[in-house]
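Novice: generate a structure from the sequence data that follows.
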Amino acid sequence: MNTIESFNFTEISHNNKKILYNKLHPLAENNIDPKINFDIPTGKSIWIDSAASFLGKENVISLESNNYKDLFDPDTNIYFCDDSCFYLISKALYKAHNPSSFVFYYSPFLKYKTLQDIKTIIEVYRNFSNNTKILVVIDLKFLLYHRIKLTNRDAVEILSPKKYKNIRAFEYYMEF
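Specialist: Residues are numbered from 1 along each chain as shown. The predicted structure follows:
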């Protein structure tokens with residue numbers, strides 16, 4: 001197996017970008033998993049790095065990474081930014097659209113972070129407005145925590161959602 005020492009998106013072909021995007025974003029090839037039973041409030045919804053534009057709904061605003069900008073139709077309701085700017089753009093979108101929810105559906109933006117990092121991210125979004133729901137569907141396998149000391153349930157309880165549901169072995173739906 002070869003290890004990639006450096007990686008540049010500008011060097012990847014369009015087809016390979018599409019393959020990579022589809023692997024990282026489950027919603028890109030499928031609809032929402034029916035086991036999740038999403039309780040998305042009515043009104044506008046901002047989906048953070050979750051391939052929401054594939055849902056084709058007018059009340060959904062997508063925020064995606066600039067790396068994949070050339071994969072999308074420019075006429076759709078999508079905003080692009082660098083991964084480091086998600087907070088700033090989300091806050092601007094919140095002020096412009098006053099959404100009823102932020103959704104992280106298997107978002108790569110939340111992968112390979114510690115439980116404290118995820119908690120901090122949720123708090124940042126919570127600070128935009130106390131009335132806006134934050135819905136997270138996540139695979140805990142991609143989070144960084146000590147699995148020998150903590151069970152999946154312990155990890156979820158550290159994140160402190162208002163309610164949560166176990167979907168599959170490591171996959172959870174959480175509402176903040």
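Novice: secondary structure class for Val156?
Specialist: With DSSP: H, G, I helix; E, B strand; the rest coil as the basis, Val156 sits in helix.
Novice: is it correct that it is in contact with Tyr173?
Specialist: No: counting by Cβ atoms under 8 Å, Val156 stays clear of Tyr173, with 10.1 Å between them. C-beta: built from backbone N, CA, C; applies to glycine.
Novice: which residues do those two both contact?
Specialist: Residues touching both Val156 and Tyr173 (Cβ atoms under 8 Å, 6 or more residues apart in numbering) are Tyr164.
Novice: what's the spacing between Met165 and Pro34?
Specialist: In this structure residue 165 is Lys, not Met. Here Lys165 is placed at a distance of 13 Å from Pro34 (Cβ to Cβ, to the nearest Å).
Novice: looking at those two, which one has more neighbours?
Specialist: Neighbour totals were compared for Lys165 and Pro34, and Lys165 leads with 16 against 7 (other Cβ atoms under 10 Å).
Novice: so that one touches Tyr172, yeah?
Specialist: Yes: counting by Cβ under 8 Å, Lys165 does reach Tyr172; the two are 6.9 Å apart.
Novice: which residues of this protein score low on pLDDT?
Specialist: The chain contains residues with pLDDT under 70 at 1, 4, 7, 37.
Novice: can you give me the strands in it?
Specialist: All strands of the chain, identified by DSSP state E, fall at 45-48, 60-65, 78-81, 101-105, 133-139, 163-166, 171-175.
Novice: out of these, which is the most enclosed?
Specialist: Comparing those by mean neighbour count (mean count of other Cβ atoms under 10 Å), strand 45-48 comes out on top with a mean of 25.
Novice: partner strands of that strand, parallel or antiparallel?
Specialist: Sheet pairing for strand 45-48, assigned by DSSP bridges, gives strand 60-65 (parallel), strand 101-105 (parallel).
Novice: identify the residues contacting it?
Specialist: With contact meaning Cβ under 8 Å, 6+ apart, strand 45-48 is reached by 52, 59-63, 86, 90, 93-94, 97, 99-105, 107, 109.
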